[in-house]
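K.L.:
Take this sequence and fold it.
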Amino acid sequence: MPDTPSRKLRMAIVGVGNCASSLVQGIAYYRDKTPEDAVGLMNWEIGGFRPGDLEVAAAFDVDLRKVGKDVAEAIFEKPNNTTVFCERVPKTGVRVRMGRVLDGMADHFDGFPEDRRFLVSDQNEITREEVVAVLRDARVDVLVNYLPVGSEEATRFYAECALEARVAIVNCIPVFLASDPEFAARCEQAGVPIVGDDIKAQLGATITHRTLTDLFAKRGVTIDHTYQLNTGGNTDFANMLNRSRLASKKISKTEAVQSVASERMADEDIHVGPSDYVAWQNDNKVCFLRIEGRMFGDVPMNLELRLSVEDSPNSAGVSIDAIRCAALAAQRGLSGPVLAPSSFFMKHPPEQCTDDEAHRRTEAFVRGETRSS
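P.N.:
Numbers count the residues shown, from 1 in each chain. Below is the predicted model of the structure:
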């Protein structure tokens, strides 16, 4: 029997950027769809929750163009520049609250045009006590972290608030929470399920790289060298021009590929990571991928691939399932890292496995055949 929700799935969104825009648009877009015409979803229903059952209960951002506005309006404000695929997003009745800046904005943004950078509000930043109160008063089920890459301090600030408020966490960025044994243990002690870390796109650069690397391993082809070079023009790519913010991101993306290779490659033989910011690409992400290897008889071969995707809808197609799995885990009384969904939906989960195996485990988790992973 499927798990039946007692009410709507109520989310708190941290960072009302492009990814949040695609998610909120998607909820509205699929609300009037049927399973037969709902193109682009991996799962129509998870734990009794359909896409239209998700609703925004709270939202936090630091940009003055978004703070104070209904979420349905804020998602279309600059510097957001993702594709608008659902122009009629109903008002949510939830206004974006001023969050905490901390390390959520790179210093080099000051030199960017206004429509390409964050304009930090001069309102008072929210306190931890206020965030916890908002999460409790709004009866939030899942907190979704969409902060910019490199926001280590800010991510941990909101994660601590979620622990205190006993709210499930979906960590979509490469700050290691679910994969940090100490924080994972604290989630378990607090009775808080977490799905993380660092969202895999629905069909993006890293999932494609993993799939090809796994294919090479299964077909007995040795990989000698590989790279993944990505360009884009959204605020995430602009933010990542500061290479000091990329340590966790590079680890996350590299380990996602290394974990499915037949043999671990030397550091100098693999390069996986963001490469450059191209403003006119906006939210379009272009990946250039090359794998060099040797097959039967030590004969050399190579593969080159170019992938172009709209980055944020690609992310939202996975987030919508990760959020529902986190809520399902909470309904079942689970706590700590939710291992199967984390392995399937995230680049840097607590336990790495092939995507085929992660998919099988996640489907079993959704069906209720196993309470944990």
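K.L.:
Contacts only, for the residue nearest to Arg294 when sequence neighbours are not counted.
P.N.:
Spatial nearest neighbour of Arg294, excluding adjacent residues (C-beta to C-beta, 6 or more residues apart in numbering): Thr222 at 4.9 Å. Placement of C-beta: from N, CA and C, glycine included. Residues in contact with Thr222 (C-beta atoms under 8 Å, 6 or more residues apart in numbering) are Phe216, Ser262, Glu263, Gly293, Arg294, Met295.
K.L.:
beta partners for the residue lying closest to Met240 once chain neighbours are set aside?
P.N.:
Among residues not flanking Met240 along the chain, Pro274 sits closest, at 4.6 Å (C-beta to C-beta, 6+ apart). Beta bridges link Pro274 to Asn230, judged by DSSP bridges.
K.L.:
can I assume Pro274 is in contact with Lys249?
P.N.:
Yes. Taking contacts as C-beta atoms under 8 Å, Pro274 lies within contact range of Lys249: 6.9 Å.
K.L.:
so what sits against both of those two?
P.N.:
Both Pro274 and Lys249 are contacted by Met240, under the criterion C-beta under 8 Å, 6+ apart.
K.L.:
just the strands in the stretch 201-350 of the chain please.
P.N.:
222-232, 270-277, 284-295, 299-310, 336-337 (DSSP state E, counting those that start in this stretch).
K.L.:
do you know which of the ones you listed lies nearest Phe344?
P.N.:
In terms of C-beta to C-beta, the element of those nearest to Phe344 is strand 336-337, at 12.8 Å.
K.L.:
who touches the closest one?
P.N.:
Contacts to strand 336-337, defined as C-beta under 8 Å, 6+ apart, come from residues 178-179, 184-185, 187-188, 192-196, 349-350.
K.L.:
got it, and stretch 255-274?
P.N.:
Contact with stretch 255-274 is made by 200, 206, 209-210, 213-214, 216-217, 222-230, 232, 237, 240, 246, 249-250, 253-254, 347-348, 352-355, as judged by C-beta under 8 Å, 6+ apart.
K.L.:
Show me what counts as buried in it.
P.N.:
Within stretch 255-274, the residues that count as buried by 16 or more other C-beta atoms under 10 Å are 255-261, 265, 270-274.
K.L.:
re the thing from before, now do the residue nearest to Met240 against Val16, distance only.
P.N.:
According to C-beta to C-beta, to the nearest Å, Pro274 and Val16 sit 22 Å apart.
K.L.:
picking up where we left off before, can I get the buried residues of stretch 255-274 in a markdown table including pLDDT and distance to Gly40?
P.N.:
As requested, those are exported to a markdown table (pLDDT from 0 to 100; distance: C-beta to C-beta, whole Å):
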| residue | pLDDT | distance to Gly40 |
| --- | --- | --- |
| Glu255 | 96 | 28 |
| Ala256 | 96 | 22 |
| Val257 | 97 | 25 |
| Gln258 | 97 | 29 |
| Ser259 | 96 | 27 |
| Val260 | 96 | 25 |
| Ala261 | 96 | 30 |
| Met265 | 97 | 33 |
| Ile270 | 97 | 31 |
| His271 | 96 | 31 |
| Val272 | 94 | 26 |
| Gly273 | 82 | 27 |
| Pro274 | 75 | 25 |
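K.L.:
Using TSV, please lay out these together with distance to Ser315.
P.N.:
Shown next, in TSV, are the buried residues of stretch 255-274 (distance: C-beta to C-beta, whole Å):
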residue	distance to Ser315
Glu255	19
Ala256	15
Val257	18
Gln258	22
Ser259	20
Val260	21
Ala261	25
Met265	27
Ile270	23
His271	22
Val272	17
Gly273	17
Pro274	14
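K.L.:
which one among those gets closest to Ser319?
P.N.:
Within the buried residues of stretch 255-274, proximity to Ser319 (C-beta to C-beta) peaks at Ala256, which comes in at 16.9 Å.
K.L.:
What separation do you get for that closest one and Ala201?
P.N.:
Applying C-beta to C-beta to Ala256 and Ala201 gives a distance of 11 Å.
K.L.:
Then Gln189?
P.N.:
32 Å.
K.L.:
More neighbours: which of the two?
P.N.:
Neighbours were counted for Gln189 and for Ala201 using other C-beta atoms under 10 Å; Ala201 has more, 23 against 11.
K.L.:
Please export the C-alpha coordinates of the helix or strand of the chain with the lowest mean pLDDT as PDB.
P.N.:
The weakest-scoring helix or strand in the chain, judged by mean pLDDT, DSSP states H and E, is strand 270-277 (a mean of 89). Output in PDB follows, covering the C-alpha atoms of strand 270-277 (Å, rounded to 0.1, in the frame of the first residue of the first chain):
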ATOM      1  CA  ILE A 270      41.000  13.100 -14.400                       C
ATOM      2  CA  HIS A 271      39.600  16.600 -14.400                       C
ATOM      3  CA  VAL A 272      36.000  17.100 -13.600                       C
ATOM      4  CA  GLY A 273      34.700  20.600 -12.800                       C
ATOM      5  CA  PRO A 274      33.300  24.000 -13.700                       C
ATOM      6  CA  SER A 275      35.500  25.700 -16.300                       C
ATOM      7  CA  ASP A 276      34.300  29.200 -17.200                       C
ATOM      8  CA  TYR A 277      31.600  31.800 -17.100                       C
END
